[in-house]
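[1] Any chance you could fold what I've pasted below:
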Amino acid sequence: MNRSVLRVIRGCLLAASTAGLAGCYSGDIDNLQTQIDGLKAEMASVKSTADEALSAAQAAEAKAASADANARRAAAAAEEINAKLDRLFRKAVKP
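    All right, here's what the predicted structure looks like:
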């Protein structure tokens, strides 16, 4: 066979194998892009859930602070009433 024919055949084989590999890589890239897009969507969902959890935690913290303040006021009122009752009792028992 002529050298130029061999070069043409060799070139065609090289081009065909390169095109075949490029097709495989293209499929891999598409697959990776699909996975990346899925991970991005999942990450957005996780962030949304985390934001909701943070908001709920902040609301619970505010309610807990309010309940604590109410409990402190109730304890102070109970102490005041207890002191008044103690004074009344002492007056009543005094001869």
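
[2] Tell me how many other residues crowd T49.
    10 (other C-beta atoms under 10 Å). All C-beta atoms are positioned from the backbone trio N, CA, C, and that covers glycine.

[3] In which helix or strand does it reside?
    For T49, the element it lies in under DSSP states H and E is helix 3-93.

[4] average pLDDT for that helix?
    For helix 3-93, the mean pLDDT works out to 86.

[5] Can you spell out which helices and strands pack onto it?
    Packing partners of helix 3-93 (3 or more C-beta pairs under 8 Å, 6 or more residues apart in numbering; DSSP states H and E): none among the helices and strands.

[6] tell me how far that helix is from the chain's mean position?
    Distance of helix 3-93 from its chain centroid, counting by C-alpha atoms, centre = their mean, to the nearest Å, is 0 Å.

[7] R72 and E79, how far apart?
    11 Å (C-beta to C-beta, to the nearest Å).

[8] Check V46 too.
    Look at V46 and E79: by C-beta to C-beta, they are 49 Å apart.

[9] How about N70?
    For N70, the distance to E79 (C-beta to C-beta) stands at 15 Å.

[10] Over to A41?
    57 Å.

[11] repeat for V8
    Distance from V8 to E79, by C-beta to C-beta: 104 Å.

[12] for Q58, same thing?
    According to C-beta to C-beta, Q58 and E79 sit 32 Å apart.

[13] ok, now A53?
    Distance, A53 to E79, by C-beta to C-beta: 38 Å.

[14] cool, and A59?
    Taking C-beta to C-beta, one finds A59 at 31 Å from E79.

[15] And for the protein, the residue most distant from the center?
    P95 (71.3 Å; C-alpha atoms, centre = their mean).

[16] Please name the residues that touch R87.
    Neighbour list for R87: empty [criterion: C-beta atoms under 8 Å, 6 or more residues apart in numbering].

[17] from now on call the first residue 29
    Taking 29 as the first residue, the last one we looked at is R115.

[18] what about it, distance to K122?
    With C-beta to C-beta as the criterion, R115 and K122 are 11 Å apart.

[19] now N98
    Distance from N98 to K122, by C-beta to C-beta: 36 Å.

[20] The two: which is more packed in?
    More neighbours surround N98 than the other of N98 and K122, with 10 against 6 (other C-beta under 10 Å).
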